[in-house]
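K.L.:
fold the stuff below for me.
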Amino acid sequence: MTRNGNRCDWRTDLCMKFAIVGATGGIGRQLLKQAKAAGHDVTALVRHPNGIPAGVHVVQTDLATAEPAALESALIGVDAVLSALGPRPLSEAGVVSRGTRAIVEAMRAIGVRRIVVVSAAPISTVASAGCPNPPRYDPGEGFFMRHLLTPLLRAVLRKSYADLAVMEDILRESDRDWTVVRPTRLTNKPLSGAYRVAHGRNVRRGLTISRADVAHFMLQALPRSDTIEQAIGIAY
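P.N.:
Numbers count the residues shown, from 1 in each chain. Next up, the predicted model:
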């Protein structure tokens, strides 16, 4: 995408071309809606294109099995990647890390630097190969999150959270300009813009956040250098 004959720069320009991964999920649909409303050029990378609105370039692919050349072709010309990739159903745990690795490798091959991804609030305390000794508690957690909700979620969603932790390892070990967004419990409430964020920890006393507001922050984070190589908690 160009403006006045020059390629857009995600760090300085409002004119952008995005690739959105997982564009048919709850956050992905919000990313599509808000990016299109802002006038951005959008490519959706999806396994199943059902429900993608008109005016969006669709690349149908399964990231877990896609050929590298096909992914590289889909990303040519984009300024940044926004990933709302997540396992559906839980039996698909492993999809997020495999898909993210494939995307990062394709980005590196063609020179795309910027990527913003969705993770989850409890991941700060989940062990992985890249972070074998995480803190027992997140510094932003209050009593309810620390002793009740987070342990319960880690037990129920163990495989999915392990997958997200590996995804975060992949990004930390990459040479890309990455941002990880860690929302608390997701809702379908409308966009408010009235959320809180915290760098390197969860939001204190933050229990919920809408998918629309997560998407809003992901778009807002793209040009901000202070979000690069940061895991950022988001909640009301």
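K.L.:
tally up the residues packed near the residue nearest to residue 105 when sequence neighbours are not counted, please.
P.N.:
Excluding the flanking residues, the one nearest residue 105 by Cβ to Cβ, 6 or more residues apart in numbering is residue 68, at 6.5 Å. (Each C-beta comes from the backbone N, C-alpha and C, glycine too.) Close neighbours of residue 68, defined as other Cβ atoms under 10 Å, add up to 11.
K.L.:
now do residue 68, the pLDDT please.
P.N.:
Note on residue 68: pLDDT of 81.
K.L.:
thought it was touching residue 107?
P.N.:
No - in this structure residue 68 lies outside contact range of residue 107 using Cβ atoms under 8 Å: 11.2 Å.
K.L.:
if we can go back for a sec, quick one: contacts for the residue nearest to residue 105?
P.N.:
Under the criterion of Cβ atoms under 8 Å, 6 or more residues apart in numbering, the neighbours of residue 68 are 102, 105-106, 109.
K.L.:
name the element the most centrally placed residue in the chain belongs to?
P.N.:
In the chain, the C-alpha nearest the mean C-alpha coordinate belongs to residue 117, at 1.7 Å (Cα atoms, centre = their mean). Applying DSSP states H and E as the criterion places residue 117 in strand 114-118.
K.L.:
note down every partner strand of that strand and its orientation.
P.N.:
If you go by DSSP bridges, strand 114-118 pairs up with strand 80-83 (parallel), strand 177-183 (parallel).
K.L.:
following it, which helix or strand comes up?
P.N.:
helix 143-144.
K.L.:
how about the next helix-or-strand element following that following helix: buried residues?
P.N.:
Tracing the chain C-terminally past helix 143-144 and defining elements by DSSP H and E, one meets helix 150-156 next. Residues of helix 150-156 classed as buried: 150, 153-154 (neighbour count, 16 or more other Cβ atoms under 10 Å).
K.L.:
same check on stretch 80-100?
P.N.:
80-87, 93, 95-100.
K.L.:
and the furthest pair within these?
P.N.:
Pairwise distances among these were taken by Cβ to Cβ; the largest, 26.4 Å, belongs to 80 and 93.
K.L.:
strands along this structure, start to end?
P.N.:
Secondary structure of the chain, counting by DSSP state E: strands at 2-3, 6-7, 17-21, 41-46, 57-60, 80-83, 114-118, 177-183, 185-187, 196-199, 208-210, 230-235.
K.L.:
could you dump those to a markdown table with mean pLDDT?
P.N.:
Listed next are these as a markdown table, based on pLDDT from 0 to 100:
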| stretch | mean pLDDT |
| --- | --- |
| strand 2-3 | 38 |
| strand 6-7 | 42 |
| strand 17-21 | 94 |
| strand 41-46 | 94 |
| strand 57-60 | 92 |
| strand 80-83 | 98 |
| strand 114-118 | 98 |
| strand 177-183 | 98 |
| strand 185-187 | 94 |
| strand 196-199 | 97 |
| strand 208-210 | 96 |
| strand 230-235 | 98 |
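K.L.:
ok, which of those comes nearest residue 134?
P.N.:
Using Cβ to Cβ, those put strand 230-235 closest to residue 134, at 11.4 Å.
K.L.:
how far off centre is that closest one?
P.N.:
11 Å (Cα atoms, centre = their mean, to the nearest Å).
K.L.:
got the angle between it and strand 177-183?
P.N.:
Between strand 230-235 and strand 177-183, the angle comes out at 20 degrees (axes from the mean of the first three to the mean of the last three Cα atoms, to 10 degrees).
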